[in-house]
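Visitor: no letters, just coordinates:
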Ligand code: DC
């Protein structure tokens, strides 16, 4: 039996983590988990149920009553809230505006960390991306990677993404929001945004998307080769 392989990719918003993780997973033949989407789904839950996003207890109760699932039959996997595909809706500004606050709650994190470990138990070849995957959720992961980029670069990428969705964008404001969200994600007591000790890191500031994916693939194959695991996914180390 092959040992399970978990590849974690962490880093701040706008480093291209989600798209790169998705492409990497496809190349390796692994499943991909976007854990930010799970926090976004809880933020959406709070909006739809009119729960104050500061009310940790009410959020926990709502989470225990809701069905939050990842549908691995679509690519990239879609997040489902009470059987509804909310993959697009969770990218809207109202969700983005409160998600960092939602993600700062202990009761929310405990539940989502458990859900993430449940996913890993069922998907033995997994690329999982977020803020705390290599530091808290899977500290023993086979390969742990930290992606970063300068805030201005990240703000530009995020702005382009919003423009491609037809939104009118003030890039200076996007930059201010990214800096504020980083500070909030870094400063919280639980699962703070930080480079996992011993993780490999890649600065994507000057790299194209294709190059980031190539570097990730090379790195993962090398680490798997070094650890004598191999991934049964073709290609050399
Ligand atoms: O990657 P993203 O922008 O979709 O993440 C949304 C929010 O969720 C962001 O504020 C960071 C938070 N998050 C987290 O705290 N832990 C994770 N593992 C993933 C995301």
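Guide: On my side now, so go ahead. Note that the structure is a prediction, hence the values are computed from the model and not measured. Numbers count the residues shown, from 1 in each chain.
Visitor: which stretches of the chain form helices?
Guide: For the chain, the helices defined by DSSP state H cover 17-28, 35-48, 56-65, 93-102, 106-122, 151-164, 171-187, 209-226.
Visitor: those helices: which one's closest to the ligand?
Guide: helix 35-48 (2.4 Å; CB to the nearest ligand atom). C-beta here means a position set from N, CA and C on the backbone, and glycine is covered the same way.
Visitor: so what does that closest one touch, helix or strand wise?
Guide: Here helix 35-48 touches helix 56-65, strand 68-71, strand 78-81, helix 93-102, helix 106-122, strand 125-130, going by 3 or more CB pairs under 8 Å, 6 or more residues apart in numbering; DSSP states H and E.
Visitor: low-scoring stretches of this protein, by residue?
Guide: By pLDDT under 70, the low-scoring segments of the chain are 1, 230-237.
Visitor: let's go with 50 and repeat that
Guide: The chain contains residues with pLDDT under 50 at 236-237.
Visitor: get me the contact residues on it for the ligand.
Guide: For the chain, the residues in contact with the ligand (CB under 6 Å from any ligand atom) are 13, 35-36, 39-40, 99-100, 103, 130-133, 181, 185, 191.
Visitor: highest neighbour count among these?
Guide: Within the residues of the chain next to the ligand, most neighbours by other CB atoms under 10 Å means residue 133, with 30 neighbours.
Visitor: now that one: closest residue in space that isn't a chain neighbour?
Guide: Nearest residue to residue 133 in three dimensions, chain neighbours excluded: residue 8, at 3.8 Å (CB to CB, 6 or more residues apart in numbering).
Visitor: for that neighbour, which residues are in contact?
Guide: By CB atoms under 8 Å, 6 or more residues apart in numbering, residue 8 lies in contact with 127-130, 133-134, 137-138, 141, 143-145, 196, 199.
Visitor: dump the helices and strands packed on helix 35-48 to JSON lines, plus distance to residue 204.
Guide: Converted to JSON lines, the helices and strands packed on helix 35-48 look like this (distance: least, CB to CB, whole Å):
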{"stretch": "helix 56-65", "distance to residue 204": "33"}
{"stretch": "strand 68-71", "distance to residue 204": "25"}
{"stretch": "strand 78-81", "distance to residue 204": "24"}
{"stretch": "helix 93-102", "distance to residue 204": "21"}
{"stretch": "helix 106-122", "distance to residue 204": "23"}
{"stretch": "strand 125-130", "distance to residue 204": "13"}
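Visitor: nearest to residue 166 among the ones you listed would be which one?
Guide: Nearest of the helices and strands packed on helix 35-48 to residue 166, taken as CB to CB: helix 93-102 at 12.8 Å.
Visitor: if we can go back for a sec, okay, the helices and strands packed on helix 35-48, which one's buried deepest?
Guide: Sort these by mean neighbour count, taking mean count of other CB atoms under 10 Å, and strand 125-130 sits at the top with a mean of 26.
Visitor: what residue is smack in the middle of this protein?
Guide: Nearest to the geometric centre of the chain sits residue 130, at 2.9 Å (CA atoms, centre = their mean).
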